[in-house]
Each structure stands twice: as C-alpha cells, then as structure tokens.
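Trainee: predicted model and sequence below, questions to follow.
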Amino acid sequence: METRVTHVNEEESEDSGAAPYGNFINYYTFNPPENRLSLIPQTLLENIRPGSERVLMLDVGCNSGDLSVALYKHLLQEEAPGSDLSKREVHLLGFDLDRDLILRAQNSNPFPQNVQFIPLDITDDAESRAVLGSYLGRFGCPRFQLCTCFAVTMWVHLNHGDAAFLSLLSRLASLCEFLLLEAQPWKCYRSAARRLRRLGRSDFDHFKTLKIRGDMARQARKHLEKQCSMELVLSFGNTAWDRSLLLFKRR
C-alpha cells in the first residue's frame with residue numbers, strides 16, 4: 001500500500017481547531033489512516049495470536065474512529081477461507097474522551113456487531129478500570145490481545161505531567177498482551193505549545209516543568225521494558241511524520 005504523504009502537522013495546522021487534548025475535529029483529513037496502515041502488516045493478528053478463536057483489540061484515543069475501522073478492515077481483509085483468522089471472532093473497542101467525536105464514530109460505524117465506540121478518559125483510573133474490566137468480562141478474558149495507542153502519549157503528558165505519562169504506559173501494559181505504540185517526538189510538544197499560544201490559549205500546565213524529555217519513543221520503551229514487564233519485539237518503521245510504530249509484547 002502506498003503511503004499518502006502529508007506535509008501538515010496536526011499540532012500546527014491552522015484549520016484543525018483548538019484541541020488541547022488532541023481531540024481534533026478533522027484529524028483524519030490531514031493524517032489519513034493509510035499513513036499508519038501502510039506500515040502495519042495485514043497478517044499482524046495471525047502472527048501475534050496463532051490459533052486463537054477470539055481476538056479482542058483496544059484502540060486508545062480513537063478520535064472519530066476512522067483509523068479504528070480502517071485498521072479492523074486492514075487486518076481482516078486478507079483472511080483466506082479455512083485460515084485460522086477466518087475462524088476467529090475479532091472485536092475492537094475504541095474510546096476517546098471527546099463525546100462528540102465518539103458520537104460521530106458511532107454514527108458512521110459500519111461494523112456495529114464487532115466494533116464498538118465509547119466515551120472514556122484513560123486518565124480517570126477508576127472509571128477506565130471499571131469500564132474496560134466490564135468489557136473484558138463479557139468475553140471471559142483477563143486482557144486485550146492487542147492494544148493500539150496512536151499519538152496519545154503527548155497529550156496526557158502535556159496536560160497531566162510526568163507521573164501521568166508513566167502511569168499511562170503502565171496502564172496500557174496491564175491491559176494487553178501486545179501493545180502497538182506511537183509516541184509523539186519532542187518536536188511535536190514544542191509545536192503544540194506554540195500553536196496554543198498562537199491561538200491565544202493558555203499554555204499547557206506542565207510543559208515547562210516536564211523532566212521526561214528528548215527521545216520520547218526511547219523514554220516510553222525504557223519504562224515499558226524496565227517497569228512493565230514488556231519487551232520490544234518489532235519496529236514497523238516511521239510514519240510520514242517520522243514517528244515510530246513500536247510493537248511490544250508482555251513477557
């Protein structure tokens with residue numbers, strides 16, 4: 001699949017609207033799903049869960065659901081009759097803190113029996129544990145087989161600080177067997193801060209006091225491997241915006 005290259009950064013786009021939590025109303029017009037899907041093999045589920053009859057996927061910070069649905073189709077469209085994957089139930093749960101975006105996702109969802117969208121804030125630990133635990137309980141599973149977290153870590157970091165950044169990574173690790181993570185690089189932090197100031201908004205509460213800086217993908221990997229019993233098993237390369245897609249596995 002050919003990558004559609006865009007030269008617009010979501011933290012700098014003038015027509016993307018004020019979105020201090022990354023909840024851009026037109027996100028997929030300037031970062032379409034194929035920018036990531038072109039790097040993700042269609043055989044991913046078959047490779048990470050061979051022989052499993054059911055696969056549960058979680059998409060954290062799904063926005064309006066375009067990428068969630070596209071990923072679901074991407075991972076299932078190559079299944080062959082009689083293959084292990086064709087015999088599986090594959091369910092995807094996407095959530096975002098923006099209720100308007102979730103309503104759009106729900107209204108445009110072409111796979112309501114297998115793909116579900118709900119409003120949820122991952123930084124609300126008690127509620128997220130209860131809601132996600134209830135969802136997993138419906139299937140009798142202790143955790144999701146695959147969790148995806150695309151371009152979310154920065155927004156949690158900027159709005160809630162260093163401890164919340166590490167807590168997010170720990171929470172994601174506890175929820176899944178495999179984690180596909182895209183952490184925004186530090187240059188995006190600076191762009192997001194500049195953009196808020198340009199729009200006349202208050203600066204992020206924690207931007208100037210963050211101690212976790214620099215290579216954010218490396219920082220995330222360090223925490224996941226040293227504190228969360230996960231290991232990096234594969235890098236799918238960098239997106240058109242030069243962001244790494246890293247696949248981690250529970251040890």
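Mentor: Cool, got the structure. Numbering: from 1, shown residues only.
Trainee: could you use CA atoms for every contact and neighbour count after this?
Mentor: Fine.
Trainee: so what touches the strand or helix carrying Gln219?
Mentor: Using DSSP states H and E, Gln219 maps to helix 216-227. Applying CA atoms under 8 Å, 6 or more residues apart in numbering, the contact partners of helix 216-227 are 166, 169-170, 173, 182-186, 212-213, 230-232, 244.
Trainee: could you list which of those belong to strands?
Mentor: Applying DSSP state E to the contacts of helix 216-227, the entries found in strands are 182, 230-232, 244.
Trainee: which among those end up buried?
Mentor: 182, 230-232, 244 (16 or more other CA atoms under 10 Å).
Trainee: nearest residue to the middle of this protein?
Mentor: Relative to the mean C-alpha position of the chain, the nearest C-alpha, by CA atoms, centre = their mean, is the one of Cys149, at 1.9 Å.
Trainee: helix, strand, or coil at that one?
Mentor: For Cys149, the assignment made with DSSP: H, G, I helix; E, B strand; the rest coil gives strand.
Trainee: hmm, it is touching Phe178, no?
Mentor: No: judged on CA atoms under 8 Å, Cys149 makes no contact with Phe178 at a distance of 11.1 Å.
Trainee: so what pairs up with the residue nearest to the centre of the chain in the strands?
Mentor: Val60, Leu181 (DSSP bridges).
Trainee: show me what contacts it?
Mentor: 59-61, 179-182.
Trainee: Pro119 versus Ala164, what's the distance?
Mentor: The gap separating Ala164 from Pro119 is 20 Å, by CA to CA, to the nearest Å.
Trainee: mind picking the two most distant members of the buried ones among the ones in strands among the contacts of helix 216-227?
Mentor: Met230 and Ser244 (17.2 Å; CA to CA).
Trainee: where does the stretch 101-250 of the chain have low pLDDT?
Mentor: Under the criterion pLDDT under 70, no range of the stretch 101-250 of the chain is flagged.
Trainee: give me that answer again for 90
Mentor: Scanning the stretch 101-250 of the chain for pLDDT under 90 picks out 195-203, 205, 240-242.
Trainee: tell me where it has helices.
Mentor: 125-139, 153-160, 162-175, 186-198, 216-227 (DSSP state H, counting those that start in this stretch).
Trainee: ok, of the contacts of helix 216-227, which one's closest to Gly140?
Mentor: Ala173 (18.8 Å).
Trainee: just the helices of the stretch 101-250 of the chain: most buried one?
Mentor: helix 153-160 (a mean of 21; mean count of other CA atoms under 10 Å).
Trainee: can you show me the CA trace of that helix as PDB?
Mentor: What follows is helix 153-160, C-alpha atoms only, in PDB (Å, rounded to 0.1, in the frame of the first residue of the first chain):
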ATOM      1  CA  THR A 153       1.000   9.900  25.000                       C
ATOM      2  CA  MET A 154       2.000  13.600  24.400                       C
ATOM      3  CA  TRP A 155      -1.500  14.900  25.200                       C
ATOM      4  CA  VAL A 156      -1.600  13.000  28.500                       C
ATOM      5  CA  HIS A 157       2.000  14.200  29.200                       C
ATOM      6  CA  LEU A 158       1.300  17.900  28.500                       C
ATOM      7  CA  ASN A 159      -2.000  18.000  30.300                       C
ATOM      8  CA  HIS A 160      -1.200  15.900  33.400                       C
END
